[in-house]
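> The sequence and its predicted three-dimensional model are supplied below.
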Amino acid sequence: MTKTTHTVSFILNGEKKTFGTRPDEKLLTLLRREGYRGTKYGCGQGTCGACTVLLDGRATYACLLYAMQAEGREVRTIESVGTFDNPGDFQKELVAAGAVQCGYCIPGMVMSATALMETEAVFEDEIVKEYMDGNLCRCTGYEKIWVALRKTLDKRAAEKPAKKTSSKGARK
């Protein structure tokens, strides 16, 4: 018995894309099958954050979301944030701080931080912790990641005028 294939269309990293998918296929599986390998498979249960993508600007576990649920929405993966040759600000700070050991958690950390930086203008510790909650790192003990993130956020805050904080991009 073959499984029925459906079509799903959504904006992926700024481009409209259409994919064939099964009703039971998770977004993480579809993304990796289509070559977006920066989004990692970790726990498969929505607890480690390795698979974090932005769905309509909000940090979301791609391992829990069915691909069909992305229909008509905007999905961003780590590939939209920076490349090896042209890393984003937080990625640069992670390297400078020595915060990248095995690197498996880093894409999810970067995507959660991206949601934070694109949603908030005031980066109080409690707000930052809310956004980063749900990203596990088994190597670093978080201290160097926190240092890199604070440096990035402090630079951002110095560049932008303050606006009201909302936590609307934080994972729930």
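Structure's in. What do you need? Numbers count the residues shown, from 1 in each chain.

> can I see the domain layout of the protein?
Following automatic domain parsing, one gets these domains for the chain: 6-79, 89-159.

> Comparing those domains by mean pLDDT, which bottoms out?
Least confident of the domains of the chain, judged by mean pLDDT, is domain 89-159 with a mean of 93.

> roughly how far out does it sit from the chain middle?
Between the centre of domain 89-159 and the centre of its chain there are 11 Å (C-alpha atoms, centre = their mean, to the nearest Å).

> just to revisit the earlier point, JSON lines please, covering the domains of the chain and showing mean neighbour count.
In this view, the C-beta of every residue, glycine as well, is placed from N, C-alpha and C. JSON lines is the format used below for the domains of the chain (neighbours: other C-beta atoms under 10 Å):
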{"stretch": "domain 6-79", "mean neighbour count": "18"}
{"stretch": "domain 89-159", "mean neighbour count": "18"}
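
> Figure out which of those is closest to residue 170.
domain 89-159 (4.8 Å; C-beta to C-beta).

> residues contacting the nearest residue to residue 117 once chain neighbours are set aside?
Of all residues not flanking residue 117 in the chain, residue 156 sits nearest, at 5.8 Å (C-beta to C-beta, 6 or more residues apart in numbering). Counting by C-beta atoms under 8 Å, 6 or more residues apart in numbering, residue 156 touches 89, 117, 123.
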